[in-house]
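Peer 1: Give me a 3D structure for the following:
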Amino acid sequence: MNISNHCFQRYHERVKEAEGPFVDSLKERYTKELEQMYEHCKKIYSGIIGHSPRPVDVYVNPHGWVLITNDKEKTMITIYKIDLGIGNDALNKQYITESLKRIDDMQDALLKQLVTVDEQKAEYNQKIEANEALIKEYKQTIAALEEQNSAFRIVVRNIDASNYKAQTELRDAIENYMVKDCIKIDVNI
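Peer 2: The predicted structure is shown next:
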């Protein structure tokens, strides 16, 4: 794990309670100590915190120390201690213990909820897939029915054409009959 200069400086000030600036000669010792502290921490959150544009991982230990790391490069960014600032170590420790218990309980509840949500999503996704299959089937049926209707329209037009031809032939026959009758009548006069 990489450690930022800012984290070294905060460790120097907050954990070691050293006055003055952090010096590079302390890096090796602080690195070992920070890595040991990190090994005893528990990850409680991964994501965006506050107004930070970048996601981070938040680690805590039972003594109230919080380590913030960059979630991609795995670099320790900063370190600080949860302290109510009231000078009562017992109350501060109780606050830390109860807060971490509450966070654990919330994480457990969230994990259970996520399992339920995943099951529900899987169930609805199966229904969506079944509906998509039906839609595909219905679209194929609709396409077949539309093709059938096109063929029926052609048959209807052919029937209409056949009727029209028969009506035209009848009319022509009647007209021919009437014209011959008219000619016969005129001839006989």
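
Peer 1: how near is residue 158 to residue 164?
Peer 2: Counting by C-beta to C-beta, to the nearest Å, the separation of residue 158 from residue 164 is 10 Å. Any C-beta I mention is one placed from the backbone N, CA and C, and that applies to glycine too.

Peer 1: Please give me every residue in contact with residue 121.
Peer 2: The neighbours of residue 121, taking C-beta atoms under 8 Å, 6 or more residues apart in numbering as the test, come to nothing; the list is empty.

Peer 1: and the lengthiest helix in the chain, how far out from the chain's middle?
Peer 2: For the chain, the helix reaching the highest residue count under DSSP state H is reported as helix 89-188. Centroid separation for helix 89-188 versus its chain: 28 Å, with C-alpha atoms, centre = their mean, to the nearest Å.

Peer 1: Nearest residue to the middle of the protein?
Peer 2: residue 121 (11.2 Å; C-alpha atoms, centre = their mean).

Peer 1: Residue ranges in the chain under the pLDDT threshold?
Peer 2: Using pLDDT under 70 as the threshold, the predicted model of the chain has low-confidence ranges 180-189.

Peer 1: Please repeat the previous calculation with a cut-off of 80.
Peer 2: In the predicted model, the chain carries pLDDT under 80 at residues 52, 71-73, 84-88, 180-189.

Peer 1: quick one, domains of this protein?
Peer 2: Domain assignment for the chain, taken from automatic domain parsing, gives 2-82, 86-189.

Peer 1: Mean neighbour count, the ones you listed: which tops it?
Peer 2: Among those, ranked by average contacts under mean count of other C-beta atoms under 10 Å, first place goes to domain 2-82 (a mean of 15).

Peer 1: what's the span of that domain from first residue to last?
Peer 2: Across its full length, domain 2-82 reaches 23 Å between end residues, using C-alpha to C-alpha, to the nearest Å.

Peer 1: One more: stretch 71-91?
Peer 2: When the termini of stretch 71-91 are compared using C-alpha to C-alpha, they are 32 Å apart.

Peer 1: Contacts made by that stretch with the rest, please.
Peer 2: Contact with stretch 71-91 is made by 1-4, 6-7, 10-11, 14-15, 34, 37-38, 46, 54-57, 60, 63-70, 92, 95-96, 99, as judged by C-beta under 8 Å, 6+ apart.

Peer 1: try stretch 9-16
Peer 2: With C-beta under 8 Å, 6+ apart as the test, stretch 9-16 has contacts from 18, 21-22, 26, 30, 33-34, 37, 65, 78-81.

Peer 1: Show me the residues you listed that map onto strands.
Peer 2: Secondary structure assignment (DSSP state E) places 65, 78, 79, 80, 81 from the contacts of stretch 9-16 within strands.

Peer 1: which SS class is the closest residue to residue 41 other than its chain neighbours?
Peer 2: By the measure of C-beta to C-beta, 6 or more residues apart in numbering, the closest residue to residue 41 outside its immediate chain neighbours is residue 59, 3.7 Å from it. Following DSSP: H, G, I helix; E, B strand; the rest coil, we place residue 59 in the strand state.
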